[in-house]
Structures are given as structure tokens and as C-alpha cells.
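Student: mind looking at a prediction? Sequence and model below.
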Amino acid sequence: VGPRQQGGQMDMNLVNAQQARRILDRLAGRSIVFVGLMGAGKTVIGRRVAQALDLAFLDSDTEFRDSDTIARMVAVLENDRSIGLVGGEISSSSGRPDEAYGRNVGVNGVSRRVIARPGQPVACDYLATCNCFGRRSVMMQVGGFDPYYVFGAEDNDFCTRVRRLGFRCIASYETAVIHK
């Protein structure tokens, strides 16, 4: 089941509240895991299911640094209503565990990393969707992720639409996840 077009906006209400509650009751706190080859659409489907059931979504190749990461994400959003999305990525292959990053798009269209160090969050054009945490109201206003992006550029598109609504995207070391 996919989102339905309604006057140019995506209808992200894939299930009603009663259906969602039944599904969540049946899950009994267990995780939902999608398995398949790279590029098969697991992330797209996972995000849609997470939005429909009002659950957090995390890519399978990421991990939280500690159990307080989500609480820190919530605190960032609660402390500044101008922030629409918060996140950040620590690349496990970079050899720099003291840096998290978001991305900015240059004049030539090429993206570059924007570095966030401990205690120094930075505004950025977009966050990798491996860790892009936001208010449900903002995500609903944006209409969710565009289903036509199957692999790549969905993060830039989504964050651009968030910024067009007047919200900021913030990369923060304290809210970053390790991306393998």
C-alpha cells in the first residue's frame, strides 16, 4: 500500500488509528525488520510503515551511540521551535568519531559535509535520512518522503521541503548515530 495523491500532496494516512493500534498491539513491542538486497526499497517501505504507525525509523546500517540519543533529539526540538529536523551521522569509516555531519549543497550542486563537534550543532541544508528526526507535524506538513525517490537524493528533497516551510535542519554531534 502506498501513499495516495491528493491535490499534489501525499496522503500519508495509510492506516486509520484503529488499524494502527491493532498492528501495534500484535507487535507487542517487537521491531519490524525489512530484509532484501540493496536498492530493493526496504528503506522507502520502512519509512512509510513507520510514518503510518507513528514509530521511529532507523536504517539497518546505523546504531545509536547510547540509550539517551532519542531523548537528546526530543530536547533539541522542544528547546527551539524553529528546528524542523535534527540528526547527524558519524561515519564508521572516517576515522573521526569526534565529528558528526550534515550536508550543504554548493552553487555547483555538489554537496559537502558540514561538521558538528561536541557542543557545537550546525545548521545544514540536509541530513542523511539514516538519522533524520523531526516533529510529526512538520513531517505531515511536508507530506512525507516522495515515493519516487527509491535510492538516493530523498534526503536532500525531504529536507529542502522542510526548509521551504521555514524550519531549520540541524546536525548535532549529541544526536548523531554511527553509520556503517
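Tutor: Good, I have the coordinates.
Student: ok, residues contacting stretch 23-33?
Tutor: Applying Cβ atoms under 8 Å, 6 or more residues apart in numbering, the contact partners of stretch 23-33 are 15, 46, 49, 53, 55, 60. (Each C-beta comes from the backbone N, C-alpha and C, glycine too.)
Student: ok, now which ones touch the most centrally placed residue in the chain?
Tutor: Centroid-nearest residue in the chain: C132, 2.6 Å away (criterion: Cα atoms, centre = their mean). Counting by Cβ under 8 Å, 6+ apart, C132 makes contact with 85, 87, 155, 158-159.
Student: tell me which two in those residues are the farthest apart.
Tutor: Greatest spatial distance in the contacts of C132: G87 and F158, 11.5 Å, computed using Cβ to Cβ.
Student: mind checking which of those two has more residues around it?
Tutor: G87 (29 against 25; other Cβ atoms under 10 Å).
Student: pLDDT value on the more buried one, please?
Tutor: Per-residue pLDDT puts G87 at 89.
Student: hmm, it is touching T175, no?
Tutor: Yes: with contact defined as Cβ atoms under 8 Å, G87 and T175 form a contacting pair (6.0 Å).
Student: anything in contact with each of those two?
Tutor: Counting by Cβ under 8 Å, 6+ apart, the residues touching both G87 and T175 are 73, 131, 133.
Student: tell me where this protein has helices.
Tutor: Secondary structure of the chain (DSSP state H): helices at 17-27, 42-53, 69-79, 136-142, 154-164.
Student: and the last one, what does it pack against?
Tutor: The one in question is helix 154-164. On a contact count with 3 or more Cβ pairs under 8 Å, 6 or more residues apart in numbering; DSSP states H and E, helix 154-164 meets strand 83-87, strand 132-134, helix 136-142, strand 168-171.
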